[in-house]
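# have a look at this fold, sequence not included:
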């Protein structure tokens, strides 16, 4: 799908969409509980569809009513199951341990070629001596075995999603376990988010030493009604509109949230001042929109960017390519991105989303000032399906062509 955006000034109040990071965790915890749970604030994004589909395949009873999902928990999977993660890395990494603890003994994870290529290397390392076998093909990953209690040591410089997956699943087992994360530990706020969500469901994770966690076995997940808070990741996209001449207020966000991406407020403030050096290790999803704002304002140096290679696209390289169409100069290094201060201009070249929702939305923000056409705009369905409609209601001149 191609979308044209003409220079526009947006104004008014925009409500941030619900957090898909928190919704993933709520849905899985609801499925692990015994009884009925109602999760309010679940978007119709592709990522949410992926997690709900996987939970259904593992035996949970799932019913959607608008943005609310009722789950009758208790996983009781068949010995062999197939789970379609579509393009959701969170779903894939969260569900591997959960599926291994569900009664399934052979699980085939399906998904896009890009998702499967991103892989699950940390699980391959962690499970190597624990009787779990992982085989990766072009469009699927086959996992065989049973999750066992024990001591797990993980690298902390790849993705916190592996830690979350283990925390969710190990608490359901009969015996105790420990999880140790080796430094450097990146995206720590996402681990804190998992611990906070688990606590809402009555499950305790104890940090006995820094980045070492005790998971008591045999814990029961409490069913109930839970509300998903607003998403700071996509909220950052909306806040950034104001850097391009718009005047929008973003509501529905909790200033006391454990979401790491609430750092966007301080990041945008630093980019206004200039000469900023910003560490993205704990908030890598903010990288595309931060690069866009830096290119418009005063430039900046971003560190902790190495993991951007394993996102939905190679985000640093892709943003350098797309921003160059507007005259920006972006230098991509091994674990650093330098956005130089320069004057941007409109472009006649078609922009590409690279099938990455955050690339598509970040470029759309830039287009509200300079105009342009973006191909692959449907990528926003992954996390913010009504993004362009929200933009139009706020005054953006958006056209499907």
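Ah, there it is. This is a predicted model, so every value here is computed, not measured.

# shaky segments in the stretch 101-250 of the chain?
Along the stretch 101-250 of the chain, no part satisfies pLDDT under 70.

# quick one: the strands in it?
106-110, 133-136, 140-144, 151-155, 177-182, 205-209, 212-215, 225-227, 247-251 (DSSP state E, counting those that start in this stretch).

# now the angle from the fourth one to strand 177-182?
So that's strand 151-155. Relative orientation of strand 151-155 versus strand 177-182 (axes from the mean of the first three to the mean of the last three CA atoms, to 10 degrees): 20 degrees.

# helices or strands up against strand 151-155?
Here strand 151-155 touches helix 121-126, helix 161-170, strand 177-182, going by 3 or more CB pairs under 8 Å, 6 or more residues apart in numbering; DSSP states H and E. To be clear about C-beta, it is placed using only N, CA and C from the backbone, and glycine gets the same treatment.

# columns distance to residue 392 and mean neighbour count on top of those, output as CSV?
Formatted as CSV, the helices and strands packed on strand 151-155 follow (distance: least, CB to CB, whole Å; neighbours: other CB atoms under 10 Å):
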stretch, distance to residue 392, mean neighbour count
helix 121-126, 41, 18
helix 161-170, 33, 25
strand 177-182, 43, 18
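
# as CSV, the strands of the stretch 101-250 of the chain with distance to residue 48 would be great.
Listed next are these as CSV, based on distance: least, CB to CB, whole Å:
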stretch, distance to residue 48
strand 106-110, 17
strand 133-136, 25
strand 140-144, 21
strand 151-155, 26
strand 177-182, 26
strand 205-209, 24
strand 212-215, 26
strand 225-227, 15
strand 247-251, 21
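
# between the ones you listed, which one is closest to residue 306.
Comparing these against residue 306 with CB to CB, the closest turns out to be strand 151-155 (12.7 Å).

# ok, that closest one: who's next to it in the sheet?
Here strand 151-155 is paired, per DSSP bridges, with strand 177-182 (parallel).

# list the buried residues of stretch 251-265.
By 16 or more other CB atoms under 10 Å, the buried positions in stretch 251-265 come out as 252, 253, 257, 258, 259, 260, 261, 262, 263, 264.

# what's the closest non-adjacent residue to residue 382?
In space, and not counting its chain neighbours, residue 382 is closest to residue 357: 4.1 Å by CB to CB, 6 or more residues apart in numbering.

# ok, how many other residues are close to that neighbour?
By the criterion of other CB atoms under 10 Å, residue 357 has 28 neighbours.

# residues in contact with it?
Each residue near residue 357 by CB atoms under 8 Å, 6 or more residues apart in numbering is listed here: 312, 379, 380, 381, 382, 383, 384.

# next: residue 154.
Applying CB under 8 Å, 6+ apart, the residues near residue 154 are 122, 125, 126, 162, 163, 166, 179, 180, 181, 182.

# which residue ranges of this structure form helices?
Remark: helices assigned in the chain by DSSP state H are 20-32, 46-57, 89-100, 113-118, 121-126, 161-170, 188-200, 232-240, 264-273, 287-296, 315-324, 357-370, 387-393.

# the second one vs strand 106-110, what angle?
Which is helix 46-57. Interaxial angle, helix 46-57 versus strand 106-110 (the same axes, to 10 degrees): 160 degrees.

# over to the longest one?
When the same axes, to 10 degrees is applied, the directions of helix 357-370 and strand 106-110 differ by 20 degrees.

# report the angle between helix 357-370 and helix 287-296.
Helix 357-370 runs at 20 degrees relative to helix 287-296, counting by the same axes, to 10 degrees.

# residue 201 - how many residues pack around it?
23.

# surely it meets residue 219?
No - under the criterion of CB atoms under 8 Å, residue 201 makes no contact with residue 219, lying 9.1 Å away.

# now render the helices of the chain as CSV, adding distance to residue 333.
As requested, these are exported to CSV (distance: least, CB to CB, whole Å):
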stretch, distance to residue 333
helix 20-32, 28
helix 46-57, 30
helix 89-100, 24
helix 113-118, 21
helix 121-126, 23
helix 161-170, 25
helix 188-200, 23
helix 232-240, 23
helix 264-273, 19
helix 287-296, 14
helix 315-324, 9
helix 357-370, 20
helix 387-393, 31
